[in-house]
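Peer 1: 3D model of this:
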Amino acid sequence: MERDWRSGFAYLERFFVEGDRMGRRAVVRQLNRLIDMSQEYGAARDIFILLLKAAQDEDSEWIRQEAARALGHFLDSYRERLIIYMHLFLVNELRPEVMELIGHYATIPLVRKFVSVVMPFFSLMGDDQILDNLQKAVQVVQEMSSLEYGKDLLKMYEELYRLFAINTIEGIAAYHCALTREDFGQDNGLAAIILDVLKQVGMITRCFGIYLRREGIFDRLASLLDAQKAIDEVGKFVERIYSGLLMGYSIKSLPDHLLFVLLLQRWQTMVLTQLHELRGGVELKVELQTKIARSEERVAVLFKVSNTGRRAADNVKVSLLHSDDFDYKQLNMPTS
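Peer 2: A predicted model of the protein is given here:
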């Protein structure tokens, strides 16, 4: 390898593709040894791609574990590009258990912490967990400002944290994103996508602002329905913009996509709760009008049903239940 790196690496690639499980594992272990030499030969990208393939091995957990060990070493050695490599793990949908092992095998504290704060975003979180996980992510990313894209990532996650910290309609109406494209590196395509989504969020905040200025119940209901429609439209926009490719990779598996989906779900729930409160409940009152009935085979009974609530009552069914709460009266029949 020292005499002809390119040819030597080509042999490793061929052995990995054509070899059995033992052969592939041997290649991964050799790659782990070569990581410290790769900086001299500018071969970090080649090693990373091959280790990434090994970490996705479908046939052998043994190889995936060995690849995780090597990738932990790799992140330690190339921590200045930690954010980029983490995004590559995510867009390639690396298994969560492999990611966890990578963090375990890394020795540099910042690498270990970053992997650990990213892990919760691999799965759906409870609404009560999101803000706490975002706060931890922001605290770790604050330590990464010297890394490539570190300052950009911090601004993104601070803005997401700010959005999830809002828990009232008044807060949503007052929200305004002050970030612009000039606040990020011009080569940061992901920042452009996030800013496009935040711009669309303005449609929702305007609807809530109108709702708060309205006084009549029906006007407020109309504003909430407009907000509900705006949330649906922004949701469609999020899915559309994240269905594209960035650097040749799908970006739907990135944490920011999941966070935008969860945020819109939260706001939709807030709208539904407020709609229910404005519409009120159904309050039915039944009054029996017939006070006396003859003992006959068929008896007509008259009753009155009224709804004193603010919500319409549809498909109302009334049943006359059995009761012993009545009196018999003997009627004096006239004699001829």
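Peer 1: what helices or strands is the helix-or-strand element of the chain with minimal mean pLDDT leaning on?
Peer 2: For the chain, counting by mean pLDDT, DSSP states H and E, strand 245-246 ranks last in confidence among helices and strands (a mean of 80). Applying 3 or more CB pairs under 8 Å, 6 or more residues apart in numbering; DSSP states H and E, one finds that strand 245-246 contacts helix 189-213. (Each C-beta comes from the backbone N, C-alpha and C, glycine too.)
Peer 1: Identify the residues contacting the helix it packs on?
Peer 2: Residues from elsewhere that reach helix 189-213, judged by CB atoms under 8 Å, 6 or more residues apart in numbering: 87, 152, 155-156, 159, 163, 169-170, 172-177, 179-181, 184-185, 220, 223-224, 226-227, 230-231, 233-234, 237-238, 241-242, 246-247, 251, 254, 256, 260, 267.
Peer 1: Tell me what K285 is bridged to.
Peer 2: K285 has these beta-bridge partners by DSSP bridges: S306.
Peer 1: in the stretch 201-336 of the chain, which spans are strands?
Peer 2: 245-246, 249-250, 284-288, 303-307 (DSSP state E, counting those that start in this stretch).
Peer 1: Please name the nearest non-neighbouring residue to I217.
Peer 2: Counting by CB to CB, 6 or more residues apart in numbering, I217 lies nearest to L278, which is 6.0 Å off, once chain neighbours are set aside.
Peer 1: Centre-most residue in this structure?
Peer 2: Of all residues in the chain, the one closest to the mean position by CA atoms, centre = their mean is L258, 2.8 Å from it.
Peer 1: Quick check: that one vs E283, distance?
Peer 2: Distance, L258 to E283, by CB to CB, to the nearest Å: 41 Å.
Peer 1: Likewise for F218?
Peer 2: 19 Å.
Peer 1: Looking at these two now, which is surrounded by more residues?
Peer 2: A count of neighbours by other CB atoms under 10 Å puts E283 above the other of F218 and E283, at 12 against 9.
Peer 1: Show me where the protein dips below the pLDDT cut-off.
Peer 2: 1-4, 38-42, 281, 309-312, 326-336 (pLDDT under 70).
Peer 1: what about the helices in it?
Peer 2: With helices called from DSSP state H, the chain shows them at 5-18, 21-41, 44-55, 61-77, 82-91, 96-105, 109-118, 127-141, 150-164, 169-174, 189-213, 217-241, 255-279.
Peer 1: deepest of these, which one?
Peer 2: Compared across these, helix 61-77 shows the largest average neighbour count, a mean of 21 (mean count of other CB atoms under 10 Å).
Peer 1: Name all residues that make contact with the residue nearest to L12 when sequence neighbours are not counted.
Peer 2: Distances taken as CB to CB, 6+ apart place V27 nearest to L12, at 5.3 Å, with adjacent residues excluded. By CB under 8 Å, 6+ apart, V27 lies in contact with 12, 15-16, 19, 50, 54.
Peer 1: Alright, that wraps it up for me.
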